[in-house]
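Q: sequence first, predicted model second:
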Amino acid sequence: MALIKCSECGRTVSDQAKACVGCGAPLERRSPFERLEGFNLVPEPPTKPPPTRTQLTWQALLSMLAFVAGVIWSSAIERHAAAGAGADAGAGAGRAAATIAALLVIVGLCGVIVTAVRFPWTRR
């Protein structure tokens with residue numbers, strides 16, 4: 001079973017189908033070599049332009065802000081837990097806050113790493 005493109009809507013459908021599942025147009029029977037006609041086996045370059053230096057700078061700043069906020073929040077949670085406040089009633093809330101702080105640290109760190117890899121360090 002191979003996949004072919006519908007001549008009407010361009011949807012990819014099975015070559016065994018009698019009509020396109022998208023638009024209902026009848027599919028014509030072709031030889032195996034003609035079936036590959038509509039497919040481009042070579043990857044196409046992206047049409048979206050790469051991010052500018054300004055966009056990457058903002059992404060890096062927001063990532064660093066998330067990382068720093070997560071570190072500050074986790075240290076505040078640790079100080080609060082060390083003081084012994086809310087040992088019984090706030091255990092669930094403290095766990096949720098610690099989880100959010102850890103996620104902020106992880107997201108911020110990953111964002112900084114990704115931005116550093118994508119950032120054009122050389123001057124043009």
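A: That came in fine, so what should we check first?
Q: and residue 24, how far from residue 5?
A: The spacing between residue 24 and residue 5, counted by C-beta to C-beta, to the nearest Å, is 15 Å. Where you see a C-beta, it was placed from the backbone N, CA and C, and this is true even at glycine.
Q: wait, residue 52
A: Relative to residue 5, residue 52 is positioned 36 Å away (C-beta to C-beta).
Q: these two: who's more crowded?
A: Of the pair residue 52 and residue 5, residue 5 is the one with more neighbours under other C-beta atoms under 10 Å, namely 16 against 10.
Q: so how far is residue 98 from the more buried one?
A: Using C-beta to C-beta, residue 5 is found at 52 Å from residue 98.
Q: now swap in residue 63 and tell me
A: From residue 63 across to residue 98, the span is 21 Å (C-beta to C-beta).
Q: same check, this time on residue 64
A: Counting by C-beta to C-beta - residue 64 and residue 98 are separated by 21 Å.
Q: and what of residue 58?
A: With C-beta to C-beta as the criterion, residue 58 and residue 98 are 28 Å apart.
Q: also residue 80?
A: Counting by C-beta to C-beta, the separation of residue 80 from residue 98 is 10 Å.
Q: next one: residue 74 relative to residue 116, how far apart?
A: 23 Å.
Q: buried residues of the longest helix seen in the chain, list them for me.
A: For the chain, the helix reaching the highest residue count under DSSP state H is reported as helix 53-82. Going by neighbour count (16 or more other C-beta atoms under 10 Å), the buried part of helix 53-82 is 56, 59, 60, 63, 66, 67, 70, 73, 74, 77, 81.
Q: next: stretch 96-108.
A: 97, 101, 104, 105, 108.
Q: which residues touch it?
A: 63, 64, 65, 66, 67, 68, 69, 70, 71, 73, 74, 77 (C-beta atoms under 8 Å, 6 or more residues apart in numbering).
Q: can you give me the first-to-last residue distance of stretch 11-25?
A: Stretch 11-25 has an end-to-end distance of 11 Å (C-alpha to C-alpha, to the nearest Å).
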